[in-house]
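Asker: let me see the structure of the following:
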Amino acid sequence: MHSVDWTIDGLPEETHKLLRTYVKDVTKVYESELEGIILYGSAVRGEFLPGRSNLNLILIMSSYDLAALKKYDSLHKRWSKDHVVVPLFLTVDDIQSASMAFPLEYHDIHDCRRLLWGQDPFVGLKIDARYLGAEVLQALRGNLLRLRQRLVEGRSTEEAITILLALSITALLPALRGLQRLLGRPVLSHGEPLLKDIETTLAIDLTGLHDALLLKRGQISPGQKETPRLMDRYLEGLTRLVSAAEARTR
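Answerer: From the prediction side, this is the model:
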């Protein structure tokens, strides 16, 4: 199997080089067990922030067992410092059979991915969206519930709030793209236009979510006094969003 010629608009050349080296390392370790390497997420959507954003990948395997998974240990030790998270290990059968169980994730990957090496089983994939509504609502409501729980665990310190806002808004964006599908809206890749479209469509104020996105990108630094207020606005906006989404998709 041969390498694929690829470049990604907006991605720094340093990150291109990093990914090409990663592909060489992974193909060397897995050899014939590996069928493809796919990049997805912010690096493909054009929202990659060097030093902040993770690199999300899928390894398409012919099969896998514990021994195959353990082979990744050395790769993770090397690459985690470069924000390369542990990839998803999938076979072609996994992708075909699980599209009904994970329509939200599969739509997101299908729309924004780049083949780095080998074969891409997402080409022509028919995604079963019968349960998309349930998964979107679960993701939205679950985000709110987890955020409350983790705020208590972190004792609502400035550091905890800053971390939790970034984690929550990151996890929220794919659910919002799924919500756009349910509402019959064009699916937008970038965070700010996506939030504005949801805000307009549902006629709700999502100021706190906009602020969390700016905080995640390092564009604002609220400070000790303002950070709890930002979290209050975020919780208010997220609560409104969950209620509006549930009302519109029932």
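
Asker: show me the strands in the chain, by range?
Answerer: Ranges of strands within the chain are 34-40, 56-61, 88-90, 113-118, based on DSSP state E.

Asker: is it possible to get JSON lines of those strands that adds distance to residue 173 and mean neighbour count?
Answerer: All C-beta spots, glycine's among them, are computed from the backbone N, C-alpha and C. Shown next, in JSON lines, are the strands of the chain (distance: least, Cβ to Cβ, whole Å; neighbours: other Cβ atoms under 10 Å):
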{"stretch": "strand 34-40", "distance to residue 173": "13", "mean neighbour count": "22"}
{"stretch": "strand 56-61", "distance to residue 173": "13", "mean neighbour count": "22"}
{"stretch": "strand 88-90", "distance to residue 173": "18", "mean neighbour count": "16"}
{"stretch": "strand 113-118", "distance to residue 173": "16", "mean neighbour count": "20"}
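
Asker: against residue 87, how distant is the residue nearest the centre of the chain?
Answerer: For the chain, residue 41 is the residue whose C-alpha lies nearest the centre (Cα atoms, centre = their mean; 5.3 Å). Here the criterion is Cβ to Cβ, to the nearest Å. By it, residue 41 lies 11 Å from residue 87.

Asker: got any residues that touch both of those two?
Answerer: Shared contacts of residue 41 and residue 87 (Cβ atoms under 8 Å, 6 or more residues apart in numbering): residue 56.

Asker: using the record's assignment, carve this protein into domains.
Answerer: Under the assignment automatic domain parsing, the domains of the chain span 13-118, 132-249.

Asker: tabulate those (a markdown table), appending distance to residue 124.
Answerer: Converted to a markdown table, those look like this (distance: least, Cβ to Cβ, whole Å):
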| stretch | distance to residue 124 |
| --- | --- |
| domain 13-118 | 10 |
| domain 132-249 | 19 |
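
Asker: looking at those, spot the one closest to residue 126.
Answerer: domain 13-118 (7.2 Å; Cβ to Cβ).

Asker: the nearest residue to residue 48 once chain neighbours are set aside and residue 93: what is the separation?
Answerer: If you skip the residues right next to it in sequence, residue 48 has residue 42 as its closest partner in space, 4.9 Å away by Cβ to Cβ, 6 or more residues apart in numbering. Noted for residue 42: a distance of 28 Å to residue 93, by Cβ to Cβ.

Asker: related to what we said a few turns ago, tally of neighbours for the residue nearest to residue 48?
Answerer: Residue 42 has 21 neighbouring residues, counting by other Cβ atoms under 10 Å.

Asker: that one reaches residue 49, doesn't it?
Answerer: Yes. Under the criterion of Cβ atoms under 8 Å, residue 42 makes contact with residue 49 at 7.4 Å.
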